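S.K.: The amino acid sequence is not available; the structure is as follows:
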């Protein structure tokens, strides 16, 4: 790649723009600033910003396939080597206000030894950690180190979200042990979040693994080793996701069983009540006909005596059900 000057970024309206100083910090640059392999530029864009969009479309720093990748709506994590650089698409947890964390945010990166160009639309909070480290002088020293920092921060955020989901699952399991059925949709939402995270983090782990195996000229052996550690850590998070998904299936079966048992108990109780009152229903129906010759119709205390006999009959029938262990 030819020598890059700061003037090529004029009018790009980047969300964040800096030049690494090779010592873990950044240096200010102007239109005449020169970027070398030891001092690469980092330009971070909102691809929905019109000025940034136009700059990305018109710049000569990027091949057409990279421009398309930085501006597309592709959401699957992937890695594509193109020329001297590499195009990487990652996904991060959505920590923005009024948004669900499982509505993952896309983060696109074009990186080589002299320039880092990244784009997103919604804010990615895990990048703030990388920015803070650079401002404090303890951040990335080169492009390979920068990619490690980004992957590590995103993986930390993903694993934190997995821990949150795991804690929610434990609460639901504890409630089931106490015979408490969760609110409508709680288990469905949890299962959906687990599956969505599993769907996108599995290929993201593969991206990190491929970056480890690729002999990229701007990544040292130590950086490849660190990237493998990040991939392994994300892999352990995926194992936890698989376990949580299996546990939600067990929970769903247990909830179905609890609801079926509750319904069976209610049906059983209604059947017993019908059995208890069956003799009395027969007698009241029989003595309720408006025909002559009904016994006791002329007796002053006939109704009281009939009610007493019905009560005794019900009590005897209830005692029989208890004796035969129906109740």
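M.R.: Looks like it came in fine. Owing to the predicted nature of the structure, the values given are computational and were not obtained by experimental measurement. Numbers count the residues shown, from 1 in each chain.

S.K.: Doesn't residue 102 belong to a helix?
M.R.: No - using DSSP: H, G, I helix; E, B strand; the rest coil, the assignment for residue 102 is coil, not a helix.

S.K.: So it sits against residue 197, correct?
M.R.: Yes - between residue 102 and residue 197 there is a contact under CB atoms under 8 Å: 6.3 Å. Using the backbone N, CA and C atoms, a C-beta is placed for each residue, glycine as well.

S.K.: And the two? Which one has more around it.
M.R.: residue 197 (24 against 18; other CB atoms under 10 Å).

S.K.: quick one: average pLDDT of the helix or strand where the more buried one lies?
M.R.: Assigned by DSSP states H and E, residue 197 belongs to helix 186-213. Helix 186-213 carries an average pLDDT of 93.

S.K.: what packs against it?
M.R.: strand 78-82, strand 85-92, helix 143-177, helix 221-287 (3 or more CB pairs under 8 Å, 6 or more residues apart in numbering; DSSP states H and E).

S.K.: That helix to strand 85-92, inter-axis angle?
M.R.: 160 degrees (axes from the mean of the first three to the mean of the last three CA atoms, to 10 degrees).

S.K.: Shouldn't residue 56 be within a strand?
M.R.: No - checked against three-state DSSP, residue 56 lies outside a strand; its state is helix.

S.K.: mind checking pLDDT for it?
M.R.: pLDDT, residue 56: 90.

S.K.: My read is that it contacts residue 71, right?
M.R.: Yes - under the criterion of CB under 8 Å, residue 56 makes contact with residue 71 at 6.1 Å.

S.K.: Mind picking out the helix or strand in this protein with the poorest mean pLDDT?
M.R.: Ranking every helix and strand in the chain by mean pLDDT, DSSP states H and E puts strand 34-35 at the bottom, with a mean of 51.

S.K.: before we move on, back to that, figure out how far the helix holding residue 197 is from the centre of its chain.
M.R.: Put simply, helix 186-213 sits 9 Å off its chain's centre (CA atoms, centre = their mean, to the nearest Å).

S.K.: same thing with stretch 205-216?
M.R.: Remark: stretch 205-216 is offset 24 Å from the chain centroid, using CA atoms, centre = their mean.

S.K.: Give me the contact list for that stretch.
M.R.: 77-79, 81, 86, 88-90, 144, 147, 151, 219, 224-225, 227-228, 230-231, 234-235, 238 (CB atoms under 8 Å, 6 or more residues apart in numbering).

S.K.: So for that stretch, what gets flagged as buried?
M.R.: For stretch 205-216, the neighbour count (16 or more other CB atoms under 10 Å) marks 205, 206, 207, 208, 209, 210, 211, 212, 216 as buried.

S.K.: and which of those residues is nearest to residue 119?
M.R.: Closest to residue 119 out of the buried residues of stretch 205-216 is residue 207 (16.7 Å), distances taken as CB to CB.

S.K.: Now for residue 12: which residues touch it?
M.R.: By CB under 8 Å, 6+ apart, the neighbours of residue 12 are 43, 45, 51, 52, 55, 56.

S.K.: switch to 6 Å and redo it
M.R.: By CB atoms under 6 Å, 6 or more residues apart in numbering, the contact list for residue 12 reads 52, 55.

S.K.: and it, helix, strand or coil?
M.R.: Classified using three-state DSSP, residue 12 is coil.

S.K.: And residue 94, by the same measure?
M.R.: For residue 94, the assignment made with three-state DSSP gives coil.

S.K.: what do you get for the one 3 residues further on?
M.R.: Assigned with three-state DSSP, residue 97 falls in the coil class.

S.K.: quick revisit: buried deepest among the helices and strands packed on helix 186-213, which one?
M.R.: strand 85-92 (a mean of 24; mean count of other CB atoms under 10 Å).

S.K.: Report the distance from whichever helix or strand comes after that strand to the chain centre.
M.R.: Sequence-wise, the next helix or strand downstream of strand 85-92 (DSSP H and E) is strand 105-111. Relative to its chain's centre, strand 105-111 lies at 20 Å (CA atoms, centre = their mean).

S.K.: which secondary structure elements does strand 105-111 contact?
M.R.: strand 85-92, strand 115-120 (3 or more CB pairs under 6 Å, 6 or more residues apart in numbering; DSSP states H and E).

S.K.: repeat that for 10 Å
M.R.: strand 41-46, helix 64-71, strand 78-82, strand 85-92, strand 115-120, helix 126-135, helix 143-177 (3 or more CB pairs under 10 Å, 6 or more residues apart in numbering; DSSP states H and E).

S.K.: tell me which residues of that strand are tucked away?
M.R.: 105, 106, 107, 108, 109, 110, 111.

S.K.: Dump these into CSV; add pLDDT and distance to residue 120 as well.
M.R.: Listed next are the buried residues of strand 105-111 as CSV, based on pLDDT from 0 to 100; distance: CB to CB, whole Å:
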residue, pLDDT, distance to residue 120
105, 92, 6
106, 92, 6
107, 93, 5
108, 94, 7
109, 94, 10
110, 93, 13
111, 93, 15
